[in-house]
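Asks: coords below, sequence missing:
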């Protein structure tokens, strides 16, 4: 039995085997790099078995869709905080429930396994870490060969936790400016300021946050197309 693949309009053998006692066969082969679809067929040459002549035969052509393998890692929350649990969520393609996977962390130039398990029905696997400080740590996701999916290792994902209280209490995006209520309950705005939307008493635009006047003690902020407001 010969497994053939259509390449450039011609059929070329890529694997061969013999049938089992039950008349079945199995092949293993890798799809060519960069291919989106691949056409295969199986050809049996004419043979004589036990004095019986078996004619040559060719199966129907089977078109297989080639799925690219990928591994990606995300954090929840997006911005981790020191001392609070961070969920590392790995997503793999193609989806192969039960596929052995792992999340690794980097120490110096060495990658070691932080957690391992198997893909769920959505192709995901998750682990939890709790940052002890603001040191940047790198993580990545990896998966083993499984049911036609090749081994894959995702890119490094640096994670930096911020100190407690460093995140804005509220945030608003306007037409050309943004404002945030920071932990000391003041309002910081940045962006276009032609109509005084930054609230600092000027009409000078700023790429870095400036403090809005008269908004101390704010609990919320809202930015419009040419204005900004704060709830104090």
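Replies: Arrived safely. Bear in mind the structure is a predicted one, so any value in this text is a computation, not a measurement. Numbering: from 1, shown residues only.
Asks: Let me see the confidence value for the spatially closest residue to residue 59 that is not a sequence neighbour.
Replies: Distances taken as CB to CB, 6 or more residues apart in numbering place residue 42 nearest to residue 59, at 4.5 Å, with adjacent residues excluded. (C-beta placed from N, C-alpha, C; glycine too.) At residue 42, the model reports a pLDDT of 95.
Asks: What of residue 201?
Replies: For residue 201, pLDDT reads 93.
Asks: Report the secondary structure element holding it.
Replies: Assigned by DSSP states H and E, residue 201 falls within no helix or strand.
Asks: quick one: it and residue 213 touch, right?
Replies: Yes. Judged on CB atoms under 8 Å, residue 201 makes contact with residue 213 at a distance of 5.6 Å.
Asks: that older thread, need the three-state assignment for the residue nearest to residue 59.
Replies: The assignment at residue 42 comes out as strand when based on DSSP: H, G, I helix; E, B strand; the rest coil.
Asks: So what pairs up with it in the strands?
Replies: Counting by DSSP bridges, residue 42 forms beta bridges with residue 3.
Asks: how many neighbours does it have?
Replies: By other CB atoms under 10 Å, the residues close to residue 42 number 19.
Asks: Show the contacting residues for it.
Replies: Taking CB atoms under 8 Å, 6 or more residues apart in numbering as the criterion, residue 42 is in contact with 1, 2, 3, 4, 25, 27, 58, 59.
Asks: let's see it at 10 Å
Replies: 1-4, 15-17, 25, 27, 57-62 (CB atoms under 10 Å, 6 or more residues apart in numbering).
Asks: Is there a quick PyMOL command that grabs whichever of those residues are buried?
Replies: Here is the PyMOL command that selects the buried residues among the contacts of residue 42 (16 or more other CB atoms under 10 Å):
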select buried, resi 1+2+3+4+15+25
